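S.K.: got a predicted model here, sequence first, then my questions.
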Amino acid sequence: MIVKKMFFFLCFLFCLVYVYAQEIKMTFDQTFSLVAPEGAQIIVDDYLAYRFAEVSVLPKEGNSFSMKLYFHPDRPDLAQYDTPEIMRKRVIESSEKYLNITEEKEVVLEEIDFKNSYGFYTILTNAQLQSGDENSFGEFKYMVRGVMRLTVDVSCGFSIMTNDLESEEYKQLFSYVLSLVKGINVN
């Protein structure tokens, strides 16, 4: 009887982990278990183990934010962001295409220094809400774009769209991105 109860309990726990966690395998020894922040859901949009993953984090109800995560193995054979200088340059280059629809006239980067890792992000302000422009970020006032080093061999690009940079929701999303860092010294 105890074995049967234990079996059902373990099955229940497995179902909880399966439903609430998405496993993203980026290298042979580095897997990221993604659990949705409170009030959000995780959708794996595109994924090829050991190569890339594109993940959406969306509200369970409403449309108050939208977040995308782009996981990349960044080992020597696939290096895209292997130095802070390259990472900085790529964030600037990939963000410049939005400058024609933002209040900003140039990309200004903020540095992320967290758990001996590094990253960069920029905050862009939508000057053309509901413009219909394909580069527009729709009904959102702000787009926060950046890249972080998660481990020695994995980096993650992110894009958070929100209407309030001071909201608890935004702070929770940015903290979620930081929580993905494994804390391995890469300097």
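M.R.: Right, received. Where do you want to start?
S.K.: where does this structure have low pLDDT?
M.R.: Scanning the chain for pLDDT under 70 picks out 1-20, 129-138, 183-187.
S.K.: SS state for the residue nearest in space to the middle of it?
M.R.: By C-alpha atoms, centre = their mean, the chain has its centre lying nearest to residue 69, at 3.1 Å. Following DSSP: H, G, I helix; E, B strand; the rest coil, residue 69 is assigned to strand.
S.K.: who's in contact with it?
M.R.: Residue 69 makes contacts with 34, 53, 54, 55, 56, 57, 156, 157, 158, 177, 180, as judged by C-beta atoms under 8 Å, 6 or more residues apart in numbering. All C-beta spots, glycine's among them, are computed from the backbone N, C-alpha and C.
S.K.: the fifth one is in contact with residue 43, isn't it?
M.R.: Which is residue 56. Yes - look at residue 56 against residue 43 with C-beta atoms under 8 Å: they come within range, at 4.5 Å.
S.K.: look at those two and report which has more neighbours.
M.R.: The residue with more neighbours, out of residue 56 and residue 43, is residue 56; 15 against 11, by other C-beta atoms under 10 Å.
S.K.: would you agree the more buried one falls within a helix?
M.R.: No - assigned with three-state DSSP, residue 56 falls outside any helix and is strand.
S.K.: what about residue 48, how many residues nearby?
M.R.: Around residue 48 there are 9 residues (other C-beta under 10 Å).
S.K.: over to residue 85?
M.R.: Using other C-beta under 10 Å: residue 85 sits among 9 other residues.
S.K.: phi, psi of it?
M.R.: Note on residue 85: its backbone torsions stand at phi -60, psi -40 [degrees, to the nearest 10].
S.K.: wait, what's in contact with it?
M.R.: By C-beta under 8 Å, 6+ apart, residue 85 has no neighbours at all.
S.K.: roughly how far does it sit from residue 109?
M.R.: 12 Å (C-beta to C-beta, to the nearest Å).
S.K.: in the chain, what residue spans correspond to helices?
M.R.: Counting by DSSP state H, the chain has helices at residues 2-20, 84-95, 168-179.
S.K.: give me the contact list for stretch 159-166.
M.R.: 64-68, 123, 137-145, 169-170, 173-174, 177.
S.K.: so among these, which ones count as buried?
M.R.: 64-68, 123, 137, 140-145, 169-170, 173-174, 177 (16 or more other C-beta atoms under 10 Å).
S.K.: surely residue 122 meets residue 142?
M.R.: No - counting by C-beta under 8 Å, residue 122 does not reach residue 142; the two are 10.6 Å apart.
S.K.: for the nearest residue to residue 121 once chain neighbours are set aside, name its beta-bridge partners.
M.R.: Excluding the flanking residues, the one nearest residue 121 by C-beta to C-beta, 6 or more residues apart in numbering is residue 146, at 2.7 Å. Taking DSSP bridges as the rule, residue 146 bridges to residue 121, residue 158.
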